[in-house]
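K.L.:
just coords:
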């Protein structure tokens, strides 16, 4: 019997400090067993439980795209017991990964559609996965225009800075990077909150889906703008966070009404969320 | 299916024979209460009990269970790698459990055995278990199993059903597995008079359950209307947010996963958890979607009586055993909550 | 004690009608024998639900902390001592409260009665001044109430409220000679090994439901030590070391504050006599510092004060 | 048991007993090497949880030491602590911890001699009672 609670051992290959405050680090992980890697088939939007023996597990969105083979990346905020311990670990050490878990963004719905990806802060991880996935030559033709609006409080808190810069240069993606504020005279991109920039750039809702991921306050002010732009709630896709333990819909804590965020989510449409109790 | 008579003075030898082939769990008297525990001698089982204080769910979902073990010794190759804790899963007989509790196992199965995932510990124990139920001649005043799809002699989820006929038990096999158990009884088949006595007991027991609750109405209620009901504030007032109701409940399955380290070795354990505890849903960020007591109380009742109903189309996640009614320190009575939730007019929060 | 009900309702009605309070905290009659439910009457129409008998053992002070409204509270002796604690510990203000004092004659030990009639269904338990009357399926027994009181009530020396705005009746007589610590002394006589085994047996049925903690008016920390993870002071399994560590620290948090109201034992679903720990601390504090919890608004709790000449025989 | 060496956790107040340990070291006094010192700002900071945690992690004995009454750097921290210690010791013993395992002392930063004396006495007593029997966290007996 396959044990869905058993993490696969992985080696920490590399640890990248992403932000100037040091609170976010990206962990590049490599499976110890090739069969575990083969089994780990995922799509952007899914997450995994990162397991540290003796400390516990944390659910983290997968930052890599399935088009990047041979490793997984997770960008982890230093918050509690497990993540603090992770931040003190070094390349070469062994941890565990359990997954992939949850539902991905609905990629079959996106076929032939334009995509508007809106992200804020460190919630950009599964969005990065999505962008890399869409931009991959095998996939690019399956989707229409790709617009990305990504903001952080200041330039030092933006994730994946090199990739952001590279995407800015490409013609097959409309990239809008923004920060809430900066005193950096060399800052070449937008300044302003994500909702403001969304309004300003006004991506068309025509034949489009929006994926929105970010802190509650950003979501709160972005959703009305998407409505203004003509996105119906069925085409606004969101990803939720919850305290989780099992990640497979059994331990009982992450439900919103009838839905378990870990298994039935974490991806929901705004239309679905509107029908669910407001308890998240 | 076959029926046999076990005279009461032969019960011990019957249990003794079971003990030779199975792990046997049975009601055991423990300091002023009964608990469902594994027994090692036939005379430990006491079938004269009314019901156990805690439900028998611990036989499949122990309060604390070792999931994995590991070493964190530095420099060792296997350091940090979890291995499934070695366990033996022998065939086990749950002897004399109440029909409501057997029904509860079926309700919990849908959580642990799903098309995507199977909980290995629950599933292995369930697979190897034979459930020998004991019908309730004397339902308690807090029992309401007939409202929740069961009954004092319900065969749901059982392999064998026992009737206590006074001088003897009538054992009826309900499943193939049950036949196996019945074959351990040396007794003969019941005559017509004992059979009719069993039927009379059953009818009398049903008549003794006075409480009838309109549980079916819950299906039709609007989820958000119930969720936003104003009545939750009244229901939750007395609640002290302990975990008693959830821990005594046969259908509460929530658990927590915890790592422990003892010098260089460690375990990943799972322990019963409760939606009554604030930490149950506390995010690392400090945000808590169910920070208020009223939200947690609502979660417990909504989960049992509405979310479960809507998600699985399987009835309510309550079997009417009455344990939470008896054990709640502040007398929050799920029967009263059911009545409020199924009332015609549902007061909504403005 | 049912005879107090009309007076309780009368006072409550007056207070609510005259808008002297926003709510009256008391009990309403329970749905099963020997249980009542803490209840907040918010309008005159709720008043007739207020109820009182010898099954009101849950300490209502537990429902007072951090409340903003003006509340009348029906309070027996131990409840008022916990209210004093609350006021001293700044959990509630005196002028927010209108205390309706109950001269208490002790609460019935539900667990004991259930055990006495194990196997038989008790359907109703009634009481008069002297007796408890138990009725059920072919059952009708009269037992003198002194024989079925909760243990803490049988050794209670403060039946009457220590603080109140109005009494529902004349004070009851307080007993003369009560040895509150028989059981504690017997444990003190044991050697360490015996004591450990004794408590191990006592605490092994614990299911970690925290009913003892949550029914206790003293437990109001925003985050309990059992939920702290960095560091984690106590594991969450039913391992006996964790269970005993929990009970040790829970009791210690009550040191100098516990009024022996018995809510913890009453709430425990598996019948653990955890008062053996809090009572030990109570005894020590009485002997060392001459203090009794919750008796005066002007005294600091014993662990929040000191005397330069406090005993220090155990310090090198 | 012959090779057993006691583990003693010593919670020393920063201003007095920790200073005494320092002075004992500087003065090259010899004392038994079984104590693990944890510096605390004041004995008033000692939460009973710390003592339980020490036993939980396998300490055979715990020793808490601070300034003499009246000499507290924070004026009265040790007075408060003294009451807490009396109850802590009593309740620990009541639940089965041997009295030989829990020790308190007042040692000023000038009393390197007393520091050595107390370490020796604590060590001897803990040695006599042997390894910790209860309240140590072990692998739980669960399924």
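P.N.:
In hand now; what should we look at? Keep in mind the model is a prediction, meaning the values are calculated, not measured.

K.L.:
what sits against the residue most central in space within chain B?
P.N.:
A centroid search over chain B (C-alpha atoms, centre = their mean) returns residue B:250, at 2.3 Å, as the residue closest to the centre. If a contact means C-beta atoms under 8 Å, 6 or more residues apart in numbering or on different chains, then residue B:250 has B:55-57, B:100-101, B:104-105, B:108, B:319, B:321, B:323 as its contacts. To be clear about C-beta, it is placed using only N, CA and C from the backbone, and glycine gets the same treatment.

K.L.:
now, of those residues, which are buried?
P.N.:
By neighbour count, with 16 or more other C-beta atoms under 10 Å in any protein chain shown, the contacts of residue B:250 hold B:55-57, B:100-101, B:104-105, B:108, B:319, B:321, B:323 as buried.

K.L.:
and the residue nearest the centre of chain D, what are its bridge partners?
P.N.:
Central residue of chain D (C-alpha atoms, centre = their mean): residue D:63, 1.1 Å from the mean position. On the basis of DSSP bridges, residue D:63 is bridged to residue D:10, residue D:103.

K.L.:
could you pull out the strands in chain B for me?
P.N.:
B:3-7, B:23-30, B:33-39, B:64-71, B:83-84, B:92-97, B:129-134, B:160-164, B:168-173, B:255-262, B:265-272 (DSSP state E).

K.L.:
in chain A, what residue lies closest to chain C?
P.N.:
residue A:81 (4.9 Å; C-beta to the nearest C-beta).

K.L.:
what number of residues lie near that residue?
P.N.:
17 (other C-beta atoms under 10 Å in any protein chain shown).

K.L.:
neighbours of the spatially closest residue to it that is not a sequence neighbour, how many?
P.N.:
Nearest non-adjacent residue to residue A:81, counting by C-beta to C-beta, 6 or more residues apart in numbering or on different chains: residue C:229, 4.9 Å away. By the criterion of other C-beta under 10 Å, residue C:229 has 14 neighbours.

K.L.:
wait, isn't residue C:229 in contact with residue A:80?
P.N.:
Yes - contact criterion C-beta atoms under 8 Å: residue C:229 and residue A:80 qualify, at 6.8 Å.

K.L.:
max-length strand in chain A?
P.N.:
strand A:8-17.

K.L.:
so which bits of that strand are buried?
P.N.:
Buried residues in strand A:8-17, defined by neighbour count with 16+ other C-beta under 10 Å: A:8-12, A:15.

K.L.:
what's the closest of these to chain B?
P.N.:
Nearest to chain B out of the buried residues of strand A:8-17 is residue A:9 (C-beta to the nearest C-beta; 4.6 Å).

K.L.:
for that closest one, what are its contacts?
P.N.:
Taking C-beta under 8 Å, 6+ apart, we find residue A:9 in contact with A:31-33, A:36, A:94-96, B:80-82.

K.L.:
just the buried members of those?
P.N.:
Buried, going by 16+ other C-beta under 10 Å: A:31, A:94-96, B:80-82, out of the contacts of residue A:9.

K.L.:
note down every partner strand of whatever helix or strand comes next after the longest strand of chain A and its orientation.
P.N.:
Remark: after strand A:8-17, the chain's next helix or strand is strand A:24-31, criterion DSSP states H and E. Looking at strand A:24-31 with DSSP bridges, its partner strands are strand A:8-17 (antiparallel), strand A:72-77 (antiparallel).

K.L.:
what does the stretch 101-250 of chain B have sitting close to chain A?
P.N.:
B:111-112, B:114, B:116-120, B:123-124, B:223-224, B:227 (C-beta under 8 Å from any C-beta of the partner chain).

K.L.:
need the buried ones from those selected in PyMOL.
P.N.:
Buried subset of these, written as a PyMOL selection, criterion 16+ other C-beta under 10 Å:
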select buried, chain B and resi 111+112+117+118+119+120+123+223+227
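
K.L.:
can you lay out the residues of the stretch 101-250 of chain B next to chain A as a markdown table showing distance to residue C:37 and pLDDT?
P.N.:
Output for these, formatted as a markdown table (distance: C-beta to C-beta, whole Å; pLDDT from 0 to 100):
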| residue | distance to residue C:37 | pLDDT |
| --- | --- | --- |
| B:111 | 31 | 96 |
| B:112 | 34 | 97 |
| B:114 | 38 | 95 |
| B:116 | 42 | 93 |
| B:117 | 40 | 96 |
| B:118 | 41 | 96 |
| B:119 | 36 | 97 |
| B:120 | 42 | 96 |
| B:123 | 40 | 96 |
| B:124 | 42 | 95 |
| B:223 | 27 | 94 |
| B:224 | 28 | 93 |
| B:227 | 23 | 95 |
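
K.L.:
returning to that earlier point: and the residue nearest to residue A:81, that's in a strand?
P.N.:
No - per DSSP: H, G, I helix; E, B strand; the rest coil, residue C:229 lies outside any strand segment and is coil.

K.L.:
same for the top helix by length along chain B, what does it pack against?
P.N.:
Longest helix in chain B, counting residues (DSSP state H): helix B:192-208. Under the contact criterion of 3 or more C-beta pairs under 8 Å, 6 or more residues apart in numbering or on different chains; DSSP states H and E, helix B:192-208 touches strand B:160-164, strand B:168-173.

K.L.:
can you redo the contacts of residue B:250 as JSON lines with distance to residue B:303?
P.N.:
JSON lines is the format used below for the contacts of residue B:250 (distance: C-beta to C-beta, whole Å):
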{"residue": "B:55", "distance to residue B:303": "16"}
{"residue": "B:56", "distance to residue B:303": "21"}
{"residue": "B:57", "distance to residue B:303": "16"}
{"residue": "B:100", "distance to residue B:303": "18"}
{"residue": "B:101", "distance to residue B:303": "19"}
{"residue": "B:104", "distance to residue B:303": "14"}
{"residue": "B:105", "distance to residue B:303": "18"}
{"residue": "B:108", "distance to residue B:303": "13"}
{"residue": "B:319", "distance to residue B:303": "15"}
{"residue": "B:321", "distance to residue B:303": "17"}
{"residue": "B:323", "distance to residue B:303": "17"}
